[in-house]
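Chemist: Compute the structure for the input listed below.
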Amino acid sequence: MSATPDTYPPTDRTVPTRSRDRASYDKDLVHAILDEGSVCHLGFVRDGAPVVLPTLYGRVGGRLYVHGSTGSRPLRTAGRGEDAPGLPVCLTVTHVDGLVLARSAFHHSLNYRSVVVHGTAHQVTDPEEMRTALDALVDQVVPGRSRDARPANAKELAATAVLRLDLAEVSAKVRTGGPNDDPEDLALSHWTGVVPVRNGYGTPEPAADLDPSVALPGYLAALTGPRPVEAPSC
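Modeler: Have a look, this model is predicted:
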């Protein structure tokens, strides 16, 4: 299979062995799934053993930035500088949209949207790119927040590290719809269907030492209450 300008090229690592009909390489879908989240799982091999770490990420165009500290294992393994070999990684992001309850235990499932990224991560060393990356990490969690907070100072920057991962070997996988019961089970009197899963935010709680005259910013007020989740089809 070949890629169009709006898709990522499928590879041996991004074509699933099961449920291939759920896989997509559409860039808009991949970016939408990534943009809705803020926590990823970063997998790599250290001393011959697999390691998977949850961490924050941010997307800027066709590139992901992954947060870390200067003493973290992935940062030490990736090395520093343009000549560093980098760190082979697998990064995943998943959203659960529904609990799929079938009549049989075997056919229980989840409606979900996920992205898997393979590649080599490199530590960000350029100061301007570092600022861009840190703003992206903050805005990935709360859009607009980076413009409404003090930027990192020199001491904080020295303790912070960021990995850069280009979006090149990427796939999305999506499940939508109801249960897939076997025909012989359709007459069973067990409840079956989908329980939607919704992500939402509660009412913001100001810090005890916040000046009462500081109003709740508009970008934060927009997060209050549940947000509807629409699972795109592929």
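Chemist: Relative to the centre of this protein, find the outermost residue for me.
Modeler: The outermost residue of the chain, judged against the average C-alpha position, is Ala187 (39.9 Å), by Cα atoms, centre = their mean.
Chemist: That one: what secondary structure?
Modeler: coil (DSSP: H, G, I helix; E, B strand; the rest coil).
Chemist: heads up, I number from 361, so please use that
Modeler: From this message on, residue numbering opens at 361, which makes the last subject Ala547.
Chemist: who's in contact with it?
Modeler: Going by Cβ atoms under 8 Å, 6 or more residues apart in numbering, Ala547 touches no other residue. For glycine as for every other residue, the C-beta is placed from the backbone atoms N, C-alpha and C.
Chemist: any idea how far Val476 is from it?
Modeler: As judged by Cβ to Cβ, to the nearest Å, Ala547 and Val476 stand 39 Å apart.
Chemist: that older thread, so for the residue farthest from the centre of the chain, what pLDDT did the model give?
Modeler: As predicted, Ala547 sits at a pLDDT of 95.
Chemist: same question, Arg380
Modeler: You'll see Arg380 listed with a pLDDT of 85.
Chemist: How many residues are close by it?
Modeler: Arg380 has 10 neighbours, counted by other Cβ atoms under 10 Å.
Chemist: Likewise for Thr377?
Modeler: A count of nearby residues for Thr377, using other Cβ under 10 Å, gives 5.
Chemist: low-confidence ranges in the protein?
Modeler: Within the chain, the stretches with pLDDT under 70 are 361-364, 430-437, 439, 441-442, 585-594.
Chemist: biggest helix in it by residues?
Modeler: In the chain, with assignment by DSSP state H, the single longest helix is helix 487-501.
Chemist: so after it, what's the next helix or strand?
Modeler: Counting by DSSP states H and E, the next helix or strand C-terminal to helix 487-501 is helix 514-518.
Chemist: Now do that following helix: distance to the chain's middle.
Modeler: 26 Å (Cα atoms, centre = their mean, to the nearest Å).
Chemist: so how far is Thr367 from Val375?
Modeler: 13 Å.
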